[in-house]
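Novice: need the 3D shape of this:
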Amino acid sequence: MAEKKLAIIATKGSLDWAYPPFILASTAAALGYDTQIFFTFYGLVLLKKKLNLQVTSLGNPAMPMPMPVPVIMQTMPGMQAMMSSMMKNKMKKKGVASIDELRELSLEAEVKMVACQMTVDLFEFDTNDFIDGIEYGGAATFFEFAGESDVCLYI
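Specialist: Model (predicted):
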């Protein structure tokens, strides 16, 4: 029987959207899947050596909050940093691995990480800012793998 394959497209670069690709990829790799994540547009920041990921409740009414906060207050300066700090502290207290830890775990599990070359060029990213162990390619590179995958997720 052929090895199962999981292809993930990571398009978001916020703290809350960083967890799904790494959790799913590392879990799939642990289950024996050949796994690849294609990082494009804002998801590309998840490959930077220095992460400063933020979370925002704006546009996410499902975000659980300790108390209701009116939308107008969520737009005030400093609210995003405060909410990000609260989320990071909560995750730490609950024993949830950090994005850095999950990313390293994924690399150790041989999850292939592909940075979208077009996005690198578009946003004029310096490739020296990215972690080691990643590859660069375009949509065709991703489709080569995704076209043969058993599961393909867009996150």
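Novice: let me see the contact set for Glu47.
Specialist: Check again: residue 47 is Leu, not Glu. Counting by CB atoms under 8 Å, 6 or more residues apart in numbering, Leu47 touches 39, 113, 115, 130-131, 134. The C-beta positions use only the backbone N, C-alpha and C, and glycine is treated the same way.
Novice: go again using 6 Å as the cut-off
Specialist: 39, 115, 130-131, 134 (CB atoms under 6 Å, 6 or more residues apart in numbering).
Novice: quick one: which of those residues is most hemmed in?
Specialist: Neighbour tally across the contacts of Leu47 (other CB atoms under 10 Å): the maximum, 25 neighbours, falls on Phe39.
Novice: and the pLDDT at it?
Specialist: We have a pLDDT of 98 for Phe39.
Novice: out of the contacts of Leu47, which is nearest to Tyr154?
Specialist: Tyr154 lies nearest to Phe39 out of the contacts of Leu47, by CB to CB, at 12.5 Å.
Novice: grab the nearest non-local neighbour of that closest one.
Specialist: Closest residue in space to Phe39, ignoring its immediate chain neighbours: Ala10 at 4.9 Å, by CB to CB, 6 or more residues apart in numbering.
Novice: repeat that for Leu153.
Specialist: Nearest residue to Leu153 in three dimensions, chain neighbours excluded: Ile8, at 4.9 Å (CB to CB, 6+ apart).
Novice: what's the spacing between Ala146 and Ile131?
Specialist: Counting by CB to CB, to the nearest Å, the gap from Ala146 to Ile131 is 22 Å.
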